[in-house]
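A.B. asks: Structure here, sequence nowhere to be found:
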């Protein structure tokens, strides 16, 4: 460009000397909690990728950090696999879930069972922070689901993740 706009803009970004400042309001914990409440139904047009699910599950590794091994194991189910999971849950097709995160415990410690609730809430908060939503789903047949997906451990919890329709 004749006025070197792109070069100037890149220099501003690199040095932090940009004259235009975009102010974004801080989101409060209360707002995040309101956004993270069980959201359903889900918008079928919004694609939730495995990378989104992995980002949400990262909080599990943070919660496990003080311990020698990871407490939680995750299985990520994107749109292609949702129909295989539905028969083993109580959510049915009514809410049109776009993806699931299956959570299993790595071992059988009392702490990991207690931490499961904190994990689920933290994951729902992370989803809300990302502009997505989720809901805890009842698991009706963990043994059947584990066999269906050839999992090495039994899932103890499932989160449905997607973009909620208001």
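C.D. replies: That came through, no problem. On a predicted model such as this, the values are computed, not experimentally measured, just so you know. Residues are numbered from 1 along each chain as shown.
A.B. asks: In contact with the one residue sitting closest to the centre of the chain, which residues?
C.D. replies: Centroid-nearest residue in the chain: residue 56, 3.4 Å away (criterion: CA atoms, centre = their mean). By CB atoms under 8 Å, 6 or more residues apart in numbering, the residues touching residue 56 are 101, 123, 126-127, 130, 132, 134, 159, 161. Every residue, glycine included, has its C-beta placed from N, CA and C.
A.B. asks: mind running it again at 10 Å?
C.D. replies: 48, 74, 76, 99, 101, 122-130, 132, 134, 159, 161 (CB atoms under 10 Å, 6 or more residues apart in numbering).
A.B. asks: what about residue 30, which helix or strand?
C.D. replies: helix 29-36 (DSSP states H and E).
A.B. asks: what is the rounded mean pLDDT of that helix?
C.D. replies: The pLDDT scores in helix 29-36 average 69.
A.B. asks: pLDDT of the following helix or strand past it, averaged?
C.D. replies: Per DSSP H and E, the first helix or strand lying C-terminal to helix 29-36 is helix 50-64. Helix 50-64 shows a mean pLDDT of 87.
A.B. asks: what ranges do the strands span in this protein?
C.D. replies: Counting by DSSP state E, the chain has strands at residues 72-77, 99-105, 133-137, 155-162.
A.B. asks: by contact count, what packs against the third one?
C.D. replies: Read that as strand 133-137. Judged by 3 or more CB pairs under 10 Å, 6 or more residues apart in numbering; DSSP states H and E, the packing partners of strand 133-137 are helix 29-36, strand 99-105, helix 110-129, strand 155-162.
A.B. asks: Using CSV, lay out those together with mean neighbour count.
C.D. replies: Listed next are the helices and strands packed on strand 133-137 as CSV, based on neighbours: other CB atoms under 10 Å:
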stretch, mean neighbour count
helix 29-36, 13
strand 99-105, 23
helix 110-129, 18
strand 155-162, 24
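A.B. asks: Turn these into JSON lines, including distance to residue 43.
C.D. replies: Formatted as JSON lines, those follow (distance: least, CB to CB, whole Å):
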{"stretch": "helix 29-36", "distance to residue 43": "15"}
{"stretch": "strand 99-105", "distance to residue 43": "12"}
{"stretch": "helix 110-129", "distance to residue 43": "14"}
{"stretch": "strand 155-162", "distance to residue 43": "7"}
